[in-house]
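Visitor: After the sequence you'll find the predicted model.
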Amino acid sequence: MRATPKKLRVPALALMTELGERIVMLPAYDATMARLFDRAGIDLLLVGDSLGNVILGLQTTIPVGLEAIIHHTRAVTRGGTRALVVADMPFMTYQISVEQAMQNAARLFQEGGAAAVKLEGGRPVAKAVRKLTAAGLPVMGHVGLTPQHVHQLGGMRQQARNDQAAHELILDALALEDAGVFALVLEAIPDAVAEAVTARLKIPTIGIGAGPHCDGQVLVSYDVLGLFDGLVPPFVKQYAQLGELIRRAAEDYANEVRQGVFPQTATAKPPSVLAPASDGAFEELHRESVPIG
Ligand code: KIV
C-alpha cells in the first residue's frame with residue numbers, strides 16, 4: 001500500500017521520476033480489478049486494448065473498437081480512487097486524420113472518464129499528439145513493439161535490434177516528447193536501447209520487456225496474475241496462478257452441487273424469507289449472509 005492516498009494526477013508522474021520513484025502501471029478492464037489494483041497502490045490503470053486478447057479472446061488488438069474501450073474505461077474509473085486511468089486509443093481511431101483523433105480522444109475523456117489516453121507509433125502520430133496535448137488532453141506514447149502494427153512488424157517480436165532501428169526509435173521518442181506526451185511506453189526493445197532513450201528524454205519511460213532502466217514498468221495484468229492461458233512473453237514474471245485457483249474453486253463448487261453437499265438443508269429460516277418478498281427484501285437477502293443449517 002502506498003503512503004499517499006491522494007488522487008494521482010499527470011504532473012505527479014514527472015515529480016515521481018525526478019525523485020527517483022518508479023512508476024507502476026497495470027492494465028485493468030473492470031471495476032473489481034481496478035479496485036484491487038488501486039488498493040495495492042498501482043499508480044496507473046491502463047484500459048489497454050490488450051482487452052481484445054485477454055477479455056474478448058481475440059488473436060490481435062486490431063478488432064478492438066472505441067465503444068469497447070469507452071465501456072471498460074467507465075467501469076475502471078468506478079473502481080479506482082487514487083490511480084490515474086489511461087485509456088488506449090484503438091486501431092485506426094487516431095491515424096486517419098487529426099480531427100478524428102481529437103473526436104475519438106474526446107469521447108474517451110467525456111464518456112469514459114479517462115484522465116489520459118495512450119496511442120501507438122512515433123513520428124507519424126506526432127501531429128495528432130501535438131493537437132491533443134494543445135487541447136489539454138494528456139497523451140502517453142507507445143513505441144517499440146506496437147501490437148496494432150503486428151502485421152507490418154511480422155509478429156510480436158523484439159524491435160530496435162540493430163543500430164539503424166535503435167536510431168529510428170530514438171528519433172520517434174524525441175518527436176513524441178516534443179509533441180507533448182507526458183510519458184512513453186517502451187515495449188520489447190533491448191535493455192541498452194531503453195536505457196539510451198530514458199537518458200535522452202525528460203519525460204518518464206515505462207518499460208514492458210525493455211529492462212530495468214526505465215522510469216516505470218508495466219506488464220499485462222492477466223499475465224502477471226496467471227489468468228491468461230495463451231502464450232506469455234518470456235520477460236513476464238508471474239506473481240500468482242489465479243487461473244488454476246479459479247478452476248479449482250469452480251470444480252469444487254460443481255462437485256459439491258452434484259453430490260448434494262451444497263447447499264445444505266435450511267432448518268431455521270429468518271423472518272425476512274417468510275415474509276412476502278418485495279424487491280428491497282430480495283436485495284437484503286442477497287446482501288446479508290443467511291445462516292443455513
Ligand atoms: O494494451 C495494453 O495492455 C498495453 C500495455 C501492454 C502497454 O498497451
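Guide: That came through fine.
Visitor: List the buried residues in whichever strand or helix holds Phe37.
Guide: Using DSSP states H and E, Phe37 sits in helix 31-39. Judged by neighbour count (16 or more other Cβ atoms under 10 Å), helix 31-39 contains these buried residues: 31, 33-38. Heads up, the C-betas are built off the backbone N, CA and C, glycines and all.
Visitor: Check stretch 224-244 too.
Guide: 224-228, 232.
Visitor: Let's test this: mean pLDDT of that stretch, rounded?
Guide: The predicted model gives stretch 224-244 an average pLDDT of 93.
Visitor: who touches it?
Guide: With contact meaning Cβ atoms under 8 Å, 6 or more residues apart in numbering, stretch 224-244 is reached by 26, 53-54, 156, 188, 208-209, 219-223, 246.
Visitor: Write the ChimeraX selection for whichever of those residues are buried.
Guide: Burial among the contacts of stretch 224-244 is assessed by 16+ other Cβ under 10 Å; the matching ChimeraX selection reads:
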select :26,53,54,188,208,209,219,220,221,222,223
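Visitor: all strands for the protein, in order.
Guide: 23-27, 44-47, 84-88, 116-118, 139-144, 183-187, 205-208, 216-218 (DSSP state E).
Visitor: just to revisit the earlier point, which ones among the contacts of stretch 224-244 also lie next to the ligand?
Guide: 208, 220 (Cβ under 6 Å from any ligand atom).
Visitor: Which pair of the contacts of stretch 224-244 spans the longest distance?
Guide: Ala188 and Ile246 (28.5 Å; Cβ to Cβ).
Visitor: hmm, back to that, let's see which of the buried residues of stretch 224-244 end up in helices.
Guide: Val224 (DSSP state H).
Visitor: quick one: the residue in the chain that the ligand sits nearest to and Lys118, what's the gap?
Guide: The ligand sits closest to Gly48 of the chain, with a gap of 2.3 Å, by Cβ to the nearest ligand atom. To Lys118, Gly48 is 8 Å away according to Cβ to Cβ, to the nearest Å.
Visitor: if you count what's nearby, which of the two comes out ahead?
Guide: Gly48 (29 against 26; other Cβ atoms under 10 Å).
Visitor: Tally up the residues packed near the closest residue to that one other than its chain neighbours, please.
Guide: Distances taken as Cβ to Cβ, 6 or more residues apart in numbering place Pro27 nearest to Gly48, at 3.9 Å, with adjacent residues excluded. Other residues near Pro27 come to 27 when the count uses other Cβ under 10 Å.
Visitor: His151 now?
Guide: Neighbours of His151 (other Cβ under 10 Å): 9.
Visitor: likewise Gln59?
Guide: 10.
Visitor: circling back: identify the contacts common to Gly48 and Lys118.
Guide: Asp88.
Visitor: pretty sure Leu169 contacts His142?
Guide: No - counting by Cβ atoms under 8 Å, no contact exists between Leu169 and His142, whose distance comes to 11.8 Å.
Visitor: neighbour-wise, which of the two wins?
Guide: Higher neighbour count among Leu169 and His142: His142, with 28 against 21, using other Cβ under 10 Å.
Visitor: ok, what's across the strand from that one?
Guide: Gly121, Val185 (DSSP bridges).
Visitor: so who does it touch?
Guide: His142 touches 118-121, 184-185, 187, counting by Cβ under 8 Å, 6+ apart.
Visitor: Recalculate using a threshold of 10 Å.
Guide: 46, 48, 88-89, 118-122, 125, 148, 176, 181, 183-187, 206, 208, 218 (Cβ atoms under 10 Å, 6 or more residues apart in numbering).
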